[in-house]
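Enquirer: Sequence plus predicted model, see below.
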Amino acid sequence: MTRAPQVLFVTSNRIGDCVISSGVIREIGRQLPGAAITVACGRPPAPFFRAAPGVERIIILDKKPMSGHWYDLWRQVRGTRWDLVIDIRGSALAWLVHTRRRVVYTRQWETGVSKVEMVTRLMGADAPLHPEIFLDETARREAAAVIDPQLAAGAGPGPIIALAPIAHQPGKSWPADRWGQLVERLKADPRFDGWRFMPVGGPGDRPPATPALEAAGERGIDCVGKGDILCSAAVIDRAALFVGNDSGLMHVAAALGRPTLGLFGPTQWWLYGPWGPKTATVASNETRGQFAPIEDLTVDRVFSAVVDLYEAWPEGRPGPTP
């Protein structure tokens with residue numbers, strides 16, 4: 001019996017970076033058909049890989065003092081005869097295990113192209129490695145268990161706009177009160193008659209999501225802190241539009257093919273913007289290489305960008321599409 005090629009894929013502990021590099025999974029299968037893939041990643045993004053093709057093992061890297069998590073990982077993988085080791089994090093571990101081939105990130109790969117393009121070049125792929133979310137039935141059932149009872153209880157059926165007002169990094173977070181103002185503007189616009197407003201996030205995102213939920217009232221769907229990241233992805237997959245801060249959930253929405261608007265402040269939207277044909281960004285400073293606080297991003301500008309996204313991708317509208 002032929003031995004399956006053994007591949008170790010060391011990816012990020014951050015949700016957004018894991019999504020950006022998720023196209024590596026399919027590329028491994030193209031370069032080494034039938035490969036048995038071991039993924040090492042942080043705990044929050046680990047559910048992404050439970051249904052990924054070829055993935056047979058997931059090793060969770062919980063940070064420890066003195067980089068002890070890397071030692072733990074080395075102990076778990078050192079005895080395997082690897083055919084390929086891919087290390088998106090550029091750690092020393094990739095050089096401390098035996099393998100026939102190594103693909104290791106270094107800063108030399110940072111050449112001003114988007115992160116997806118950078119990963120594509122790193123892997124030597126012939127075509128862009130589009131990010132992908134591998135949803136499973138468990139995630140879909142969990143999402144339905146969150147959304148459907150709320151629709152039945154009062155929100156009622158209708159197109160859903162998902163909102164991600166998360167606040168993990170203050171410089172990337174549009175002020176919470178403006179999310180409430182944005183919902184009020186959208187509710188008052190005839191184009192969004194019958195739409196439902198669905199904040200999505202983790203347990204710690206309750207405070208920034210509250211103004212949007214309060215503004216939505218009976219038309220709100222609360223999906224904050226309701227499940228793991230794959231459940232959140234399945235929730236977003238139910239939406240017709242997505243609007244969010246520069247965050248992992250923004251990349252999730254884009255990878256799912258949802259029309260996605262990313263809000264950017266003093267970060268590099270040209271490198272970290274959502275990837276895909278149905279995506280757009282609105283930044284506090286639209287000049288590449290220049291920055292401004294995200295607080296400079298007005299409700300008027302974000303509202304106009306949401307309307308532009310709505311007009312560009314009408315499939316989520318009620319009734320027949322033009």
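Expert: Done, it's in.

Enquirer: What segments of the stretch 1-150 of the chain are strands?
Expert: Listed in chain order, the strands of the stretch 1-150 of the chain (DSSP state E, counting those that start in this stretch) span 6-10, 36-41, 55-60, 84-87, 102-104.

Enquirer: What helices and strands are in contact with the first one?
Expert: Spelled out, it's strand 6-10. Contact partners of strand 6-10 among helices and strands, from 3 or more CB pairs under 8 Å, 6 or more residues apart in numbering; DSSP states H and E: helix 24-31, strand 36-41, strand 84-87. To be clear about C-beta, it is placed using only N, CA and C from the backbone, and glycine gets the same treatment.

Enquirer: And the contacts of stretch 273-283?
Expert: Outside stretch 273-283, the residues that touch it by CB atoms under 8 Å, 6 or more residues apart in numbering are 20, 114, 116, 130-131, 250-251, 253-255, 257-265, 269, 297, 301-302, 305, 308-309, 312-313.

Enquirer: Show me the shaky parts of the stretch 201-322 of the chain.
Expert: Along the stretch 201-322 of the chain, segments meeting pLDDT under 70 span 315-322.

Enquirer: Break down it into its strands, ranges please.
Expert: Using DSSP E, counting those that start in this stretch, strands in the stretch 201-322 of the chain cover 223-224, 241-245, 260-264, 279-283.

Enquirer: Make a markdown table from the ones you listed and add distance to residue 47 and mean neighbour count to it.
Expert: Putting these into a markdown table (distance: least, CB to CB, whole Å; neighbours: other CB atoms under 10 Å) gives the following:
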| stretch | distance to residue 47 | mean neighbour count |
| --- | --- | --- |
| strand 223-224 | 16 | 26 |
| strand 241-245 | 19 | 27 |
| strand 260-264 | 20 | 27 |
| strand 279-283 | 23 | 21 |
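
Enquirer: Nearest to residue 41, out of those?
Expert: Using CB to CB as the measure, strand 241-245 is the one of the strands of the stretch 201-322 of the chain that comes nearest residue 41, at 21.7 Å.

Enquirer: average pLDDT across stretch 67-76?
Expert: Across stretch 67-76, pLDDT averages out at 92.

Enquirer: Flag every buried residue along it.
Expert: For stretch 67-76, the neighbour count (16 or more other CB atoms under 10 Å) marks 69, 70, 72, 73 as buried.
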